[in-house]
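**Q** Give me a model of this one.
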Amino acid sequence: MKALTPDDIAFARSLVLFEDEAIIGFDKPPGLSSQGGRIKAATLDDLLGAFARSNGKRPGLVHRLDRDTSGVILAAKTKPAAAFLGKALMGRRVLKTYLAIVAPGAPSPRDGRIETPLRRVSQGREVHMAPCEADHLDAESASTGYRTLAANDEAALVELRPHTGRMHQLRAHLASIGGPIAGDTRYGGALTLAGAPVPRLMLHARAIRFPHPAGGERTLEAPIPADMRALIVRLGLPEPPPSAIPATLAASG
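**A** Next up, the predicted model:
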């Protein structure tokens, strides 16, 4: 891994939403991979070197976001914090809220919960998730809650709450009900809306609520990025309301 430049370090620090002795919360921009993949480019994981201690120990990502998904992502600064948050994720005690632009129009029904199992399908070096029957040998249970915040005939603004953490879960689930996320080339999303190209996958990790290693709970929110906000305006959809995240994790259902 090459050494970070002063510009790299400044960029990494500009992404910080919250930092204390145990965790760092970042607002990951679209186009930045969480961790290494087939694309040989800097990743958020690489940039964590900007927060390394004098002994060389550096934070580690607790979860991931797809390369073109923007928004909140957590890193743990210590091994105990990483273990604590890992257990919280496994125990479904971390509540994530996403915002997506889907097309065409609103999903049907406008609000609900998708419980369709998913399975991994490999095509060469590409992997995607496909709906399947629950008794399929490779079936993975998956659950996504959603509600339509605003819609017109062309597109809709949808809030999503994953109750499981499968690869591409939100993308595959929305496509399965006929409302793929705009800009999603892998799952059939619209590539043009309101007379202009969709710049990327229109999926944003808006908020995360989690138990803190030091006790209590904390919520972090990331502002809607400029490219998504511009598309919302161009579509004539109203500004999305604040994320309806429960006051406590116990109230999340």
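**Q** so how far is L95 from the nearest residue in space to E21 that is not next to it in sequence?
**A** Nearest-residue entry for E21: K77, 6.8 Å, with adjacent residues in sequence omitted and distances by Cβ to Cβ, 6 or more residues apart in numbering. Yep, even glycine has a C-beta here, placed from its N, CA and C like the rest. Distance from K77 to L95, counting by Cβ to Cβ, to the nearest Å: 22 Å.
**Q** can you check A106 too?
**A** The value you get for A106 to L95, if Cβ to Cβ is used, is 24 Å.
**Q** Find the centremost residue of the protein, please.
**A** A205 (4.1 Å; Cα atoms, centre = their mean).
**Q** and that residue, bridged to which residues?
**A** Per DSSP bridges, the residues bridged to A205 are G71, Y98.
**Q** from memory it sits against D68, does it?
**A** No - the pair A205 and D68 fails to qualify as a contact (Cβ atoms under 8 Å) at a distance of 11.7 Å.
**Q** where along the stretch 101-250 of the chain do the strands fall?
**A** 111-114, 118-123, 126-131, 144-151, 156-162, 192-193, 196-197, 203-211, 217-221 (DSSP state E, counting those that start in this stretch).
**Q** give me the number of residues near the residue nearest to E21?
**A** 21 (other Cβ atoms under 10 Å).
**Q** just checking, it touches G25?
**A** No - at 11.3 Å, K77 does not count as touching G25 under the criterion of Cβ under 8 Å.
**Q** hang on, the earlier thing: of all the strands of the stretch 101-250 of the chain, which one is nearest I181?
**A** Nearest to I181 among these is strand 203-211; the distance by Cβ to Cβ comes to 5.4 Å.
**Q** and S141, what is it in contact with?
**A** Contact partners of S141, counting by Cβ atoms under 8 Å, 6 or more residues apart in numbering, are E115, P117, A134, T164.
**Q** Mind putting these into a markdown table with neighbour count and pLDDT?
**A** As requested, the contacts of S141 are exported to a markdown table (neighbours: other Cβ atoms under 10 Å; pLDDT from 0 to 100):
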| residue | neighbour count | pLDDT |
| --- | --- | --- |
| E115 | 14 | 97 |
| P117 | 19 | 98 |
| A134 | 9 | 96 |
| T164 | 13 | 94 |
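**Q** Dump the residues you listed into TSV; add distance to E21 as well.
**A** Shown next, in TSV, are the contacts of S141 (distance: Cβ to Cβ, whole Å):
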residue	distance to E21
E115	39
P117	40
A134	43
T164	30
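**Q** Just the closest of these to F84, please.
**A** Nearest to F84 among these, with distances taken as Cβ to Cβ, is T164, at 20.2 Å.
**Q** T69: neighbour count?
**A** 23.
**Q** Oops, could you answer that again for T43 instead?
**A** The burial count for T43: 17, using other Cβ under 10 Å.
**Q** Let the chain start at 34 from now.
**A** In the new count, where the first residue is 34, that last one comes out as T76.
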